[in-house]
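In: Below is the structure, and that's it, no one-letter string:
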């Protein structure tokens, strides 16, 4: 029996063993998705509406999380900032997953020298510090949200490539692959028709978990001024702006810090919970 | 062992050559040309030609690359497009700042991770263990810059215990230097400490539940002794290999931390290079940091191979 840091709460009717981390993670991620998707309906104010008569306020009835140096409503900016984060994270993880899967499946399927060259270059990208890589890429392409997505996406490629390669290698042992190869079906077709459907579920789980890290990276780039450009709200640039007013309006910093924390913690818990489920299923399969 | 180390060194040098080429190409073909950044928005064609001739930018790319690379090997990174300062000297001045920051951060991370992992493994699957794991997960769920900002807010602005930023060289005033380094090193170390603690804890628990540990325990050895003397050695190898990834994370985080605490290190140099579109500066800073990470990883691999001889054969194969 493998050791997991959680106790099953109860068995639901869907064959999923729920546990506390998984439950908290699902709730947190669902809340994040909902606020991001429904931002225009939930948000009490226009996130970019300037109101100089109510600058740097603390908690109050009309501005629950206070206001910033231009009198903009912090809660609305948090909600819209989440939308920006989710959008960037989803596109970036999408880039990483698709390119990584293509590289990994090709390496795993073709093998030999192609495999060696592809995976070595992936290792090289992997060994470069992620934030520095993002900084260099946005430096070369210019500071914008689109370029931040590309930079973050590139960071994710090697991880997904490695994972896709290992999944592909295990699929390759199956008989239907040997059959497909023996009949002379072109490699790209076998990869897309036979390998991809078997690799995709694993990659999808991994992609879910990667969203949390992508949110962190987006916030970091925006904090450094290399991602979302003002006045577009992003949790990263909100924290950067708030640093100048920490003495008078600490909420400007605290609110986005807490938002990032909740989202990243939720995705990590979700990842841990899913991992625990997989471990359990595997031990069951071994018995 | 020597063959193993030699092979790894060749690998590191080859990797660095590729990185230098990619960095050079990526930053040579960028849209905003170096000359327009340095000469203003509307320079005359003559001024551009003179600028490009001065920095050798009118030569073929391959010639430029090998010329640059030859200089880099001897610590000459060329001159800044913006300030005309020798970049090599600037790198040498900033190098110790980043080195001190990353070393202190690693110490902080290990200082938290190792004792807490032992504690969690000793009392595994108790409330104590779960609480520690939850705290570690919470810690690693914070981006480095958010932790740093929160620490400045509480420790510097509210409690007024430590200065919020700035730098004094250790050789000038050791006490002030360390005072200024505490918050940066804590911010970086806490996140990596959370990651490392989780890796070491699961390694220890894995080891202490194996047969050799059970035998030791049945002979009357105390659980703490088995953990420290036997399990730790088994858990050390996966800890080193996975923990080595955190080296890269610490160096990446240093870029952000230096910016927040106004430390004149390589990270701020890289960001400065982007801000002024001084790509030679960015190239130099990125290459030196990459070299740093590779050498640190090499050192960790050698230590792991010293503990577990099987790794030598794997690496040399």
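Out: In hand now; what should we look at? Quick caveat, the model's predicted, so the values are computed rather than measured.
In: can you list the residues of the stretch 51-200 of chain A near chain B?
Out: For the stretch 51-200 of chain A, the contact set with chain B under C-beta under 8 Å from any C-beta of the partner chain comprises A:121, A:124, A:127-133, A:135-143. No exception for glycine: its C-beta is placed from N, CA and C like everyone else's.
In: Which strand or helix spans residue 161?
Out: All of this is about chain A. Secondary structure assigned from DSSP states H and E places residue A:161 in helix A:145-171.
In: Chain B is the one I meant
Out: Following DSSP H and E, there is no helix or strand that holds residue B:161.
In: who touches whichever strand or helix holds residue B:273?
Out: Taking DSSP H and E as the criterion, residue B:273 maps to helix B:266-275. Outside helix B:266-275, the residues that touch it by C-beta atoms under 8 Å, 6 or more residues apart in numbering or on different chains are A:132, A:135-136, A:138-139, A:143, A:224, A:226, B:90-91, B:94-95, B:97-98, B:254-259, B:262, B:278-286, B:288-289.
In: Ok, stretch A:254-267 next?
Out: For stretch A:254-267, the surrounding residues in contact (C-beta under 8 Å, 6+ apart) are A:24-25, A:27-29, A:31-32, A:65-66, A:74-75, A:78, A:81-82, A:85, A:208-209, A:211-213, A:215-216, A:219, A:235-236, A:238-239, A:242, B:137-138, B:141-143, B:146, B:149-150, B:153.
In: Helices - which of these land there?
Out: When helices are assigned by DSSP state H, the members of those inside them are A:24-25, A:27-29, A:31-32, A:74-75, A:78, A:81-82, A:85, A:208-209, A:211-213, A:215-216, A:219, A:235-236, A:238-239, A:242, B:137-138, B:146, B:149-150.
In: What mean pLDDT does the helix or strand following the helix holding residue A:161 get?
Out: For helix A:145-171, the succeeding helix or strand toward the C-terminus, using DSSP H and E, is helix A:175-182. This predicted structure assigns helix A:175-182 an average pLDDT of 80.
In: what's the following helix or strand after helix A:175-182?
Out: helix A:187-190.
In: Give me the contacts around that next one.
Out: The contact list for helix A:187-190 (C-beta under 8 Å, 6+ apart) reads A:109, A:110, A:177, A:180, A:181.
In: Which of the helices or strands spans the residue nearest to the spatial centre of chain B?
Out: With distances taken as C-alpha atoms, centre = their mean, the residue of chain B nearest its centroid is residue B:251 (2.0 Å). Assigned by DSSP H and E, residue B:251 belongs to helix B:232-260.
In: Up against chain A, what does the stretch 1-150 of chain B have?
Out: If contacts are counted using C-beta under 8 Å from any C-beta, the residues of the stretch 1-150 of chain B sitting beside chain A are B:15, B:18-19, B:23, B:26-27, B:30-32, B:124-125, B:129-130, B:133, B:137-138, B:140-146, B:149-150.
In: which ones are touching residue A:231?
Out: Residues in contact with residue A:231 (C-beta under 8 Å, 6+ apart) are residue A:48.
In: That one: what secondary structure?
Out: Classification of residue A:231 using DSSP: H, G, I helix; E, B strand; the rest coil returns coil.
In: In the stretch 101-250 of chain B, what residue comes closest to chain A?
Out: residue B:141 (4.0 Å; C-beta to the nearest C-beta).
In: which residues touch that residue?
Out: Contact criterion C-beta under 8 Å, 6+ apart gives A:212, A:261, A:264, A:265, A:268 as the residues in contact with residue B:141.
In: any weak-confidence spans in chain A?
Out: For chain A, residues meeting the criterion pLDDT under 70 lie at A:1-18, A:279-287.
In: so how far is stretch B:212-229 off the chain centroid?
Out: Using C-alpha atoms, centre = their mean, to the nearest Å, the distance from the centre of stretch B:212-229 to the centre of the chain it belongs to is 36 Å.
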